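[1] Here's my sequence, what's the structure:
(chains A and B, ligands or ions: 3)
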Amino acid sequence: MLVYLVRRLVNVVFMLLVVAAVTFGIFFMVPKLTGTDPAMLYVGKIADKAAVEGIRHKMGLDKSIIEQFWLFLRGVFAGRDYNAGVDMTHCAAPCLGYSFKTEQAVWPLLLNRVGVDISLAVGASVLWLVFGTATGVISALRRGTTLDRVTMTVALAGVSLPMYFTGLVALAVFVNQLGWFPNSYTDFADDPVSWFQGLVLPWVTLAFLFAATYARLSRATLLDVLGEDYIRTARAKGLKEPVVIGKHAMRSTLTPILTIFGMDLGGLLGGAVLTEKTFNLRGLGYEAVTSIQSSDLPVIMGVTLFAAFFIVMANLVVDLLYAVVDPRVRLT
Amino acid sequence: MSNTDKPFLSVRDLKVHFPTDDGLVKSVNGLSFDLERGKTLGIVGESGSGKSVTSLSIMGLHRTGTKRGAPRISGEIWLDGEDLVAASADRVRKLRGRKMAMIFQDPLTAMHPYYTVGAQIVEGYRAHHPGASKKEARKRAVEMLDRVGIPQPDKRVDNYPHEFSGGMRQRAMIAMALVNDPDLLIADEPTTALDVTVQAQILDLIRDLQKEFGSAVVIITHDLGVVAELADDILVMYGGKPVERGPAATIFESPEHPYTWGLLGSMPRLDRELQDRLIPVKGTPPSLINVPSGCAFHPRCPYAELTGGRSVSEVPALAEAAPRHHAACHLPIAERHRIFTEEIAPRL
Ligand SMILES: Nc1ncnc2c1ncn2[C@@H]1O[C@H](COP(=O)(O)OP(=O)(O)O)[C@@H](O)[C@H]1O
Ligand code: SF4
Ligand SMILES: [Mg+2]
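    Ligands and ions are numbered 1, 2, ... in the order given. Okay, the predicted model is just below:
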């Protein structure tokens, strides 16, 4: 178990290194291909040649790719000094460098942004897990009835309707027409009530999208499970139907859902581009879009690493949880 | 204990029909038999002859509905003076696991993979002994595991089903079924999924336990060999109907029905070369939607021509061939005896 954990954690670090290397490679290649000069991006177009050269040297952009990557990695773990004679800047670990555009340090910027995604993802995931699964289970137990057909049609709509459609409709109705919710995000620390109000619509819209998938999945899984021999055995023992369903069948139904839930949550924590865009939230997804639009490579790099981190960790957590819920799974 | 003069278990004209998209599947179509306490009935027939559907009907497990839909059930199933077909679903549930219990073909899939063997036995016990504490129930579970021959039962009780071998799992299933000391035990192909050596052990165990608990046992199998030493009576089913019924010894010594002859011929026997063995029943089991006219066995029966067309046009009734011995065949009894002694018996 401990050996497994250590091995998996080493694996996590390795995966992140690979992601970093690939992104860094692209980071290095893109200016070459597009003919843009990263140093120019820092100082702006009107700067004189000497200033550009100074920045190039200070940021280490004049070094080889291997050396730059090494400096970047060392910066992540040990911090980094950007040094050009008297003009020295210290970037504390974990250092992800500075934005080309705003010259803000990337790490604190993203740390600030990720709060939005955590708020968004956690709230929405609780909603969709509870309502999606409950809907699927009720549908399965009432299969073939009108209730089942109506719910599954709504779920199909939920799966097929894009976020910017449901989101914009929700905005038009609840924000613009009814004025029930603000169209802005407030930090939890600043004002919990506004934080909550600002997130209700994004939560519900995002949860609707996912709940649809979860409803369909849990319905199909429960129907499968109900056909299992061990369900027949549970009934043969004379257990009451609520015990047969609520205990024996649900235990098996929730296991695969847990897996997908972990992956979905991990994915969302790394940024929800469409939801953020629709609801004007500034999370990692927003940062990803703006940084790509402006070729702000240090920020792109940071966002990618954040997203990769959440996904890889979600993977690990799901695997560990699986071993807890399914005694047949051995961590080796 | 019985409050009527009926036999302990008495099935009367049981019909179980499944409506499907292809038509009405007549899985069981007019089955009657009796079974007394302390006796064992073997129900034998090829796969698809309606054996499992029969046993699930007795247990009332069709009511809760399967994935393939709930059947129409008619007839009577009397258990200790109570008609289970007419009883409420909740009444039958209360009898399940306490008065009647069942073990299944594949003990691996029949146990929940996420709960320990002990937890699953404890659950069955406490379902019918609401006053029992967890500790008492666990003690009972260990006791039962010990009784069915599982070594170190106090340790094994905490194992998961996948940590047991196939034979041990079936023993644990038996422990689970017997935990409430039921009066009726139904074993549906209890050894089919097991190794040959383990099969014999499980059958011995069932016999021992029956002697000890004095319950009525129904053993369902496609293999006559399984019930040869175990059953007091044997019922042979074909296409959802009984074709022969009688004491086990009689069925083996002087079987009346051509289908039973075929089953006897397909029994694995170690003392014979394969070549000079009787060829097992040729052809495929009948459709249960469009059941063959007359005797459902006629498309496969080598003697159908000997009945002057009656095999094709007329459904043979289960008629007495000897005291307590019935068969459903149009062949005259004397003719059956001649064919069996001259053509069949020498090749068995
Ligand atoms: N739920 C169901 N719906 C439709 N047909 C069924 C259902 N359950 C069993 N059958 C059919 O009934 C017939 C008898 O099945 P079964 O009793 O399982 O046979 P066996 O004698 O092998 O145990 C089979 O043809 C099977 O396909
Ligand atoms: S009734 Fe005819 S077809 Fe049926 S078993 Fe007897 S001889 Fe064969
Ligand atoms: Mg069967």
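[2] what about residue 190, neighbour count?
    If you meant another chain, say so; for now it's chain A. Neighbour count of residue A:190, defined by other C-beta atoms under 10 Å in any protein chain shown: 8. (C-beta placed from N, C-alpha, C; glycine too.)
[3] my bad, the chain I had in mind was chain B
    Residues near residue B:190, counting by other C-beta under 10 Å: 27.
[4] next one: residue A:134
    14.
[5] do residue A:48 as well
    9.
[6] before we move on, what about residue A:33?
    8.
[7] what does the stretch 151-300 of chain B put close to ligand 2?
    Residues of the stretch 151-300 of chain B lying close to ligand 2 by C-beta under 6 Å from any ligand atom are B:257-258, B:295, B:297-298.
[8] rerun that using 8 Å as the cut-off
    Taking C-beta under 8 Å from any ligand atom, the part of the stretch 151-300 of chain B that reaches ligand 2 is made up of B:243, B:257-259, B:294-298.
[9] The residue positioned nearest the centre of chain B bridge partners, please.
    Closest to where the C-alpha atoms of chain B average out (C-alpha atoms, centre = their mean) is residue B:220, at 2.3 Å. Applying DSSP bridges to residue B:220 gives these bridge partners: residue B:43, residue B:188.
[10] Check the residues of the stretch 151-300 of chain B next to ligand 2 one by one and keep those near chain A.
    Near chain A, taking C-beta under 8 Å from any C-beta of the partner chain as the test, no member of those is found.
[11] measure stretch B:102-119 end to end?
    18 Å (C-alpha to C-alpha, to the nearest Å).
[12] Next to chain B, which bits of the stretch 201-332 of chain A? Give me the list.
    A:223, A:226-230, A:232-241, A:243, A:248, A:251-252, A:255, A:325-328.
[13] Buried among the residues you listed? Need that as a selection in PyMOL.
    Applying 16 or more other C-beta atoms under 10 Å in any protein chain shown to those, the buried members can be selected in PyMOL as follows:
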select buried, chain A and resi 223+226+228+229+230+232+233+234+235+236+237+238+239+248+251+252+255+326+327
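[14] The residues of the stretch 201-332 of chain A next to chain B in strands, which ones?
    Counting by DSSP state E, these place none of their members in strands.
[15] Give me the subset of the residues of the stretch 151-300 of chain B next to ligand 2 that lies in helices.
    If you go by DSSP state H, these have B:258-259 in helices.
[16] between the residues of the stretch 151-300 of chain B next to ligand 2, which is nearest residue B:177?
    Nearest to residue B:177 among those, counting by C-beta to C-beta, is residue B:243 at 29.0 Å.
[17] Residue ranges in the chain under the pLDDT threshold?
    Just so you know, I chose chain A. Residue ranges of chain A with pLDDT under 70: A:41-47, A:84-87.
[18] not quite, I wanted chain B
    In chain B, residues with pLDDT under 70: B:1-4, B:63-68, B:268-279.
[19] CA atoms only for the longest helix along it, dumped as CSV, please.
    When chain B is parsed with DSSP H, its longest helix is helix B:196-213. What follows is helix B:196-213, C-alpha atoms only, in CSV (Å, rounded to 0.1, in the frame of the first residue of the first chain):
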residue,chain,number,x,y,z
VAL,B,196,-16.1,-32.9,-10.4
THR,B,197,-14.3,-33.7,-7.1
VAL,B,198,-15.9,-30.8,-5.3
GLN,B,199,-19.3,-31.7,-6.7
ALA,B,200,-19.4,-34.9,-4.8
GLN,B,201,-18.4,-33.2,-1.6
ILE,B,202,-21.2,-30.6,-1.9
LEU,B,203,-23.8,-33.3,-2.6
ASP,B,204,-22.6,-35.2,0.4
LEU,B,205,-22.9,-32.1,2.5
ILE,B,206,-26.5,-31.4,1.3
ARG,B,207,-27.4,-35.0,2.2
ASP,B,208,-25.9,-34.8,5.6
LEU,B,209,-27.5,-31.5,6.3
GLN,B,210,-30.8,-32.7,5.2
LYS,B,211,-30.6,-35.6,7.6
GLU,B,212,-29.6,-33.3,10.4
PHE,B,213,-32.2,-30.6,9.8
